[in-house]
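**Student:** Okay, here's the prediction I keep looking at, along with the sequence it came from:
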Amino acid sequence: MNIKVLMLCAVFVFSCLAGEVEIIKDVVFGKGVTGSKEIELKLDIARPKGKSDKPLPVVVLIFGGGWGYGSKESWENDLKTFAKNGYFCIAINYRLAPKYKFPAQIEDCKCAVRFLRAKAKEYNIDPDLIACMGYSAGGHLSALMGTSGGVKELEGTGGWAEYSSNIQAVIDYCGPTDIWKLKSGSKDLNEMLVNFIGKRALADKEKVQLASPVYYAGKNNPPFLIIHGEKDPLVPVSQARDLEAVLKAAGVEVVLTVDPNGVHGGYDVVTAALDFLGKHFKAR
């Protein structure tokens, strides 16, 4: 088979796959409220084309970038992959540091989940099967979503207050879990933490704990898949092991995968996530 025929075949396959998924861009899911100022919060949706016989499980993708940069667009390919595998998948934007300090970021994540529950019938999604997945800062926010269910101080006032922001599964890829311990890390990381929390707040252990997933770990947390690189130079693998330890101590189902040569990224998280969610959500 010559190269021209191979290229035509590749285009045909891509077109067929693209036709399996419906994309909806820039859906407003709530408001980021800081004092008297409000901004619109937006998300992108990817879902299987056609009406499903039963409500679809949901994956919420939360981007990384030191809490200060990045956008939902970075998930474009993974968004489609989850949809092709039968999930209703969203990628969300959230308010960024240093303009917006914690807890703005987690408030926006929680607002997105409440929005999903408010629109469950309209979107034909299962409000009892919602997972959060993120990388780096997004991994931190996903883990915090999993451990801080019901914590009123982190809910915010972005909308849909009558609905729960609890989730049913977490995929945390190289996310910080205990920010107090991270303070002694690299200069770059310390600068990110100052931007995220604020210099004065970062010196207050009680306030720092409010932003740390390990602080909230308890028996009612959902199952966790934690993935981390043994050689991560930014967020040490001890952060993953600390979270695993407190979750196990609380009786929570947790799987920790450590890539022995992994740094800060590069692991095939989507394949691992699909396997994890397939086993967990199908059992429900």
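**Tutor:** Cool, got the structure. Quantities reported herein were computed from a predicted structural model and do not represent experimental measurements.
**Student:** For the rest of this, base every contact and every neighbour count on C-alpha atoms.
**Tutor:** OK.
**Student:** F224 versus E206, what's the distance?
**Tutor:** As judged by C-alpha to C-alpha, to the nearest Å, E206 and F224 stand 25 Å apart.
**Student:** Which one's more surrounded, the two?
**Tutor:** F224 (28 against 12; other C-alpha atoms under 10 Å).
**Student:** thinking that one is in contact with T257, fair?
**Tutor:** No - using C-alpha atoms under 8 Å, F224 is not in contact with T257, being 10.9 Å away.
**Student:** D53 and G86: what is the separation?
**Tutor:** Taking C-alpha to C-alpha, one finds D53 at 12 Å from G86.
**Student:** who's more crowded, the two?
**Tutor:** G86 (16 against 7).
**Student:** Next, that one: secondary structure please.
**Tutor:** coil (DSSP: H, G, I helix; E, B strand; the rest coil).
**Student:** That one - nearest residue in space that isn't next to it in sequence?
**Tutor:** P48 (6.2 Å; C-alpha to C-alpha, 6 or more residues apart in numbering).
**Student:** Just list whatever residues bridge to the one you found.
**Tutor:** Note on P48: beta-bridge partners by DSSP bridges are V21.
**Student:** quick one, what contacts it?
**Tutor:** 20-22, 83-84, 86-88 (C-alpha atoms under 8 Å, 6 or more residues apart in numbering).
**Student:** Which one of those sits in the busiest neighbourhood?
**Tutor:** Most surrounded of those: other C-alpha under 10 Å gives F88, at 27 neighbours.
**Student:** For it, list each beta-bridge partner.
**Tutor:** Counting by DSSP bridges, F88 forms beta bridges with V58.
**Student:** Spell out which residues sit in contact with it, please.
**Tutor:** So F88 contacts 45-48, 56-59, 82, 125 (C-alpha under 8 Å, 6+ apart).
**Student:** can you rerun that using 7 Å?
**Tutor:** 46-47, 56-59 (C-alpha atoms under 7 Å, 6 or more residues apart in numbering).
**Student:** pLDDT wise, what is the residue nearest to G86 at?
**Tutor:** P48 carries a pLDDT value of 96.
**Student:** got the phi/psi numbers for S74?
**Tutor:** With angles defined as degrees, to the nearest 10, S74 sits at phi -70, psi -20.
**Student:** Who's the closest spatial neighbour of it, skipping the chain neighbours?
**Tutor:** Closest to S74 by C-alpha to C-alpha, 6+ apart is F63, at 7.1 Å.
**Student:** right, and that neighbour touches K72 too?
**Tutor:** Yes - using C-alpha atoms under 7 Å, F63 is in contact with K72, at 6.2 Å.
**Student:** Show me which of the two is the more surrounded one.
**Tutor:** Between F63 and K72, F63 has the larger neighbour count (other C-alpha under 10 Å), namely 27 against 20.
**Student:** residue ranges with poor pLDDT in the stretch 151-284 of the chain?
**Tutor:** Across the stretch 151-284 of the chain, the ranges flagged by pLDDT under 70 are 283-284.
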